[in-house]
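**Student:** Compute the structure for the input listed below.
(one chain, ligands or ions: 1)
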Amino acid sequence: MSKITIAIDGYSSTGKSTVAKQLAKHLGYVYVDSGAMYRAVTYFAMEHGLIDENHFDVEGLLDKLSEIKVSFKFNAALGFAEVYLNGVNIEKEIRTLEVSRFVSQVATVPQVRAQLVQHQKQMGAEKGVVMDGRDIGTVVFPDAELKLFMTASAETRALRRYSELLERGDDVSFEAVLKNVEERDYIDSHRKDSPLIKAKDAIEIDNSNLSLEEQFDEIKKLVNKVLHA
Ligand code: DC
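**Tutor:** Residues are numbered from 1 along each chain as shown. The predicted structure is shown next:
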């Protein structure tokens, strides 16, 4: 059976990566977390003092853009590919609320997007890929055979993210997480370059009231329909 491309877009913490990982495993496809790539560039900018609460040195970041190499390496124990920045595993470092605070700003920079989109297209050139993000069905793979657009209420999403951060041992408040989710929603969907919008041919899935199992069953049906069309 020939392989397809599956694009999963949606607001932050809608469970895109969970379902993308489940699907990739189920189909034997490669999973690519495109948000991790924007997070990696953001982490680089933070480490080089190019972004903080008070400033964002866009020119400084552009000067160093060619030095930033983001890659993925499959970790069999975890069952997914971890993200590396210039050869160093930064999977844990990019998941903090601090990185989340700055990532949407970094993702507004067209040159950053162009570099990452080119890399994403390369990774999906052979098909057999499940990629999640904000512009996968609209910009990266406009011809993807299956496009999903995930939604859930901001409170539901913030609660999920808050539980994840607590589980990691991070000291955060629910209010701070909710504020970050709402701010990112706004920036991601209002930026000039490739804003988060639902592709015309994407299928919307609101998972506010769906269990992971129910959601996966629903999505498997959609995949099977495309594979056997
Ligand atoms: O999926 P995530 O929450 O890890 O993504 C982090 C940020 O990266 C998100 O707020 C917006 C940006 N992003 C993007 O602009 N385009 C993508 N394809 C993926 C993520």
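**Student:** At the geometric centre of the chain, which residue do we find?
**Tutor:** What sits nearest the mean C-alpha location of the chain, by CA atoms, centre = their mean, is residue 35, with 3.0 Å.
**Student:** Can you tell me the closest non-neighbouring residue to that one?
**Tutor:** In this structure, residue 35 finds its nearest non-sequential neighbour in residue 133, 5.7 Å apart by CB to CB, 6 or more residues apart in numbering. In this view, the C-beta of every residue, glycine as well, is placed from N, C-alpha and C.
**Student:** Helices of the protein, start to end?
**Tutor:** Taking DSSP state H to define them, one finds helices in the chain at 16-27, 34-47, 58-64, 97-106, 110-123, 154-167, 174-190, 212-227.
**Student:** so of the ones you listed, which one's packed in deepest?
**Tutor:** Looking across the helices of the chain with neighbours counted as mean count of other CB atoms under 10 Å, the highest average goes to helix 34-47: a mean of 23.
**Student:** Quick check: the residue nearest to the centre of the chain touching residue 132?
**Tutor:** Yes - assessed by CB atoms under 8 Å, residue 35 is found in contact with residue 132 at 7.1 Å.
**Student:** which residues are common contacts for the two?
**Tutor:** Taking CB atoms under 8 Å, 6 or more residues apart in numbering as the criterion, residue 35 and residue 132 both touch residue 17.
**Student:** Kindly provide the distance from the residue lying closest to residue 220 once chain neighbours are set aside to the ligand.
**Tutor:** Leaving aside its chain neighbours, residue 220 sits nearest to residue 26 (7.0 Å; criterion: CB to CB, 6+ apart). For residue 26, the distance to the ligand (CB to the nearest ligand atom, to the nearest Å) stands at 21 Å.
**Student:** Compute the number of surrounding residues for the nearest residue to residue 89 once chain neighbours are set aside.
**Tutor:** What sits nearest to residue 89 in space, not counting adjacent residues and going by CB to CB, 6+ apart, is residue 82, at 5.7 Å. Here the number of neighbours of residue 82 (other CB atoms under 10 Å) works out to 17.
**Student:** Give me the pLDDT for residue 82.
**Tutor:** pLDDT, residue 82: 95.
**Student:** Then residue 2?
**Tutor:** In this model, residue 2 carries a pLDDT of 88.
**Student:** which ones are touching the residue nearest to residue 35?
**Tutor:** Per CB under 8 Å, 6+ apart, neighbours of residue 133: 8-9, 16, 33-35, 120, 140.
**Student:** now it: how far from the ligand?
**Tutor:** Relative to the ligand, residue 133 is positioned 2 Å away (CB to the nearest ligand atom).
**Student:** roughly how far apart are that residue and residue 39?
**Tutor:** Distance, residue 133 to residue 39, using CB to CB, to the nearest Å: 11 Å.
**Student:** Then residue 203?
**Tutor:** Between residue 203 and residue 39 the computed distance is 26 Å (CB to CB).
**Student:** So residue 165 sits against residue 97, correct?
**Tutor:** Yes - counting by CB under 8 Å, residue 165 does reach residue 97; the two are 6.4 Å apart.
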